[in-house]
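*Asks:* Predicted model and sequence below, questions to follow.
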Amino acid sequence: MTDVLDAGGIQHGFIDYVAGTATGYSQSGLAALTELAQIYRSIDPSRSLQASSATLAKLLAATIAKLWLEHGDSVPAPDDFIALDRKVEDWFSSLTHTRLHAVPCIICPYPAPSFDIGPVHFSTWHDFPTGRFGVTKEEFWGLGSSGTELEVGGLHFGNLMKMAHERSAGWVAIVEISGKAEQESKAMADIAVDIALGALKAVAPGLEIRNVCRATSCTPPLWRADVWSDGSHTQNGVSNFEPAKVISPAVFADVLGVQVRRSLDVVGRRLEEYLGTSSSFPLLVESWANAAYWFNQAVAEALDTVAVFKLETTIEVLFRSEDMAGSKSRLKESFKAFFGLEGSHQYPGSALTVDQFILNITTARSRVAHGTWPTINTDLPGYRKQKPINRRELEMIAGQLLVRYAHYLELYGVACQTSDSTEAFFGWIKDNR
């Protein structure tokens, strides 16, 4: 098959064993398909959210190949182009259904009550809502009608349960995604869970849940064993990295159910607006969702240098800073708007003034990003000879900015504001402090 395709210069093709032919596309043909897909997606802004260019290009490739095979080697007629256009329009019109996704997660090592972050429902597998997926608990847990034990998960969930078991994922996130092609729906479900977990880490940092994650991402080890030798003695050790391992189930439930419930509800509404594309402030909500995604990645990062890079990026994305000068300016504005602190003020719990803090944040990110400070380093760079930024301080500030941003955006809407810009949003916050 490879020889046949190579002989025809075909990069992506279909083999007809009966006719002994191969039909497909050259490299330039594939590039043209991608360009055509981008044109179709640009017709309506909502289409870019429904499907990627790669997904649409596959549909175009299959449709055009079918038309070509039906007509032999004849030149395409106007009716062929009309048929292709109708096929694409019908396909986009069909993307109206809702998919319910189950995403295994690593949350905490013990049973605890279920909780919601906006449209994302988290529960242990024991409390998995089987009814929402149209299966019975008996079928899900592999219990036959005669009492015989079958595979856990049954026909549909068997492989998912195997993966969850292999990754020690005792929790599952349930989220509905509407109006997207299959691949984009799966990707958005993952993103929604990551945003929810990022928001959770910002709202409840005291739970020590920096390692919580979905099992389909790059999961950190829950424990590790080490062996080392100094030439004369061999030693070994074991470390436990389970999230929330020192928090009792009762405290875990109380924190999420009572202490931070209001903030969880607020950030949950921001996530719901982002997924539903129904917000009055789509750009501001998009900034928050992107920043929450970055925060989730940053907090779980092992290297301090990379973590600070991601944390500063979290803030830049949140405020749409655009460049380094804009980042410094927006950071100053954010401290004044969200905390009421000017440049010479000390941030509570920090030895640095606001101006020093901002210079250290932007310096650390810039030097790591541009290679003037080694990424693989146990120390962080400071601005000139100032004390370097402290990772935990930056995590605290970035997390508080995420949470306060979500709260203020809710009040911004209640106040019947209409401008969907960071400048107007900041101005309103400062005017109403």
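*Replies:* Right, received. Where do you want to start?
*Asks:* Tell me how far P119 lies from E301.
*Replies:* Taken as CB to CB, to the nearest Å, the spacing of P119 relative to E301 amounts to 27 Å. C-beta here means a position set from N, CA and C on the backbone, and glycine is covered the same way.
*Asks:* V88 falls within a strand, correct?
*Replies:* No - the assignment for V88 (DSSP: H, G, I helix; E, B strand; the rest coil) gives helix, which keeps it out of a strand.
*Asks:* How many residues are close by it?
*Replies:* Applying other CB atoms under 10 Å, we find 20 other residues in the vicinity of V88.
*Asks:* Contact partners for it?
*Replies:* Residues counted as contacts of V88 (CB atoms under 8 Å, 6 or more residues apart in numbering) are 40, 56, 59-60, 63.
*Asks:* Show me which of those residues is closest to C108.
*Replies:* For the contacts of V88, the closest approach to C108 (CB to CB) belongs to L56, at 40.5 Å.
*Asks:* Residues contacting the host helix or strand of the closest one, please?
*Replies:* Counting by DSSP states H and E, the secondary-structure element that holds L56 is helix 53-71. The contact list for helix 53-71 (CB under 8 Å, 6+ apart) reads 12, 14, 16, 23-25, 30, 33-34, 36-38, 40-41, 76-77, 80, 83-84, 87-88, 91, 181, 183-184.
*Asks:* And for stretch 178-186?
*Replies:* With CB under 8 Å, 6+ apart as the test, stretch 178-186 has contacts from 46, 49-52, 55, 95-99, 101, 177, 188, 276.
*Asks:* Compare those residues and tell me which is most surrounded.
*Replies:* Looking at the contacts of stretch 178-186 with neighbours defined as other CB under 10 Å, the largest count falls to A51 at 25 neighbours.
*Asks:* And it, how close does it get to W91?
*Replies:* A51 sits 8 Å away from W91 when distances are taken as CB to CB.
*Asks:* swap in V403?
*Replies:* 40 Å.
*Asks:* Mark which of the contacts of helix 53-71 are buried, thanks.
*Replies:* Buried by 16 or more other CB atoms under 10 Å: 12, 14, 23-25, 30, 33-34, 36-37, 40-41, 80, 83-84, 87-88, 91, 181, 184, out of the contacts of helix 53-71.
*Asks:* still on that earlier bit, looking at the contacts of V88, which one is closest to I106?
*Replies:* Among the contacts of V88, L56 lies closest to I106 (CB to CB), at 34.3 Å.
*Asks:* Count the residues that sit near that closest one.
*Replies:* Residues contacting L56 under the criterion other CB under 10 Å number 24.
*Asks:* what do you get for G257?
*Replies:* As a burial measure, G257 scores 14 neighbours (other CB under 10 Å).
*Asks:* Where does the prediction get shaky in the stretch 201-350 of the chain?
*Replies:* 277, 322-326 (pLDDT under 70).
*Asks:* element containing the spatially closest residue to F14 that is not a sequence neighbour, please.
*Replies:* Using CB to CB, 6 or more residues apart in numbering and skipping the chain neighbours, the partner closest in space to F14 is T23 (5.2 Å). Remark: T23 resides in strand 21-25, with elements defined by DSSP H and E.
*Asks:* same deal with G237?
*Replies:* Judged by DSSP H and E, G237 forms part of strand 234-240.
*Asks:* What helices and strands are in contact with that strand?
*Replies:* Contact partners of strand 234-240 among helices and strands, from 3 or more CB pairs under 8 Å, 6 or more residues apart in numbering; DSSP states H and E: strand 223-229.
*Asks:* And for the strand it packs on, what's in contact with it?
*Replies:* 234-242.
*Asks:* from the chain's centre, how far out does that strand sit?
*Replies:* From the chain centre to the centre of strand 223-229 is a distance of 32 Å (CA atoms, centre = their mean, to the nearest Å).
*Asks:* Quickly note the distance from K310 to I195.
*Replies:* Distance, K310 to I195, using CB to CB: 15 Å.
*Asks:* same deal with A112?
*Replies:* Here the distance between A112 and I195 works out to 21 Å (CB to CB).
*Asks:* between those two, who's got more neighbours?
*Replies:* Ranked by neighbour count (other CB under 10 Å), A112 and I195 place I195 first, with 27 against 24.
*Asks:* quick one: that one and V260, what's the gap?
*Replies:* I195 is 17 Å from V260, by CB to CB.
*Asks:* likewise Q235?
*Replies:* According to CB to CB, Q235 and V260 sit 41 Å apart.
*Asks:* part of a helix, is A302?
*Replies:* No - counting by three-state DSSP, A302 is not found in a helix; it is coil.
*Asks:* Show the contacting residues for it.
*Replies:* A302 sits in contact with P220, where contact means CB under 8 Å, 6+ apart.
*Asks:* looking only at pLDDT, what's the mean for stretch 29-48?
*Replies:* What stretch 29-48 shows for mean pLDDT is 91.
*Asks:* just to revisit the earlier point, run the angle between the helix holding L56 and strand 21-25 for me.
*Replies:* 140 degrees (axes from the mean of the first three to the mean of the last three CA atoms, to 10 degrees).
*Asks:* If we go by neighbour counts, what in helix 53-71 is buried?
*Replies:* Residues of helix 53-71 classed as buried by neighbour count (16+ other CB under 10 Å): 53, 55-61, 63-65, 67-68.
*Asks:* Can you show me the CA trace of it as CSV?
*Replies:* Only the C-alpha atoms of helix 53-71 are listed here, as CSV (Å, rounded to 0.1, in the frame of the first residue of the first chain):
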residue,chain,number,x,y,z
SER,A,53,-9.5,23.3,10.9
ALA,A,54,-8.0,19.8,11.1
THR,A,55,-11.4,18.2,11.9
LEU,A,56,-13.2,20.0,9.2
ALA,A,57,-10.3,19.3,6.7
LYS,A,58,-10.9,15.5,7.3
LEU,A,59,-14.6,15.9,6.5
LEU,A,60,-13.7,17.9,3.3
ALA,A,61,-11.2,15.2,2.3
ALA,A,62,-13.6,12.4,2.7
THR,A,63,-16.5,14.3,0.9
ILE,A,64,-14.3,15.4,-2.1
ALA,A,65,-12.8,12.0,-2.5
LYS,A,66,-16.2,10.4,-2.6
LEU,A,67,-17.4,12.9,-5.2
TRP,A,68,-14.2,12.2,-7.3
LEU,A,69,-14.7,8.4,-7.1
GLU,A,70,-18.3,8.8,-8.2
HIS,A,71,-17.4,10.8,-11.3
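*Asks:* Cool, thanks, signing off.
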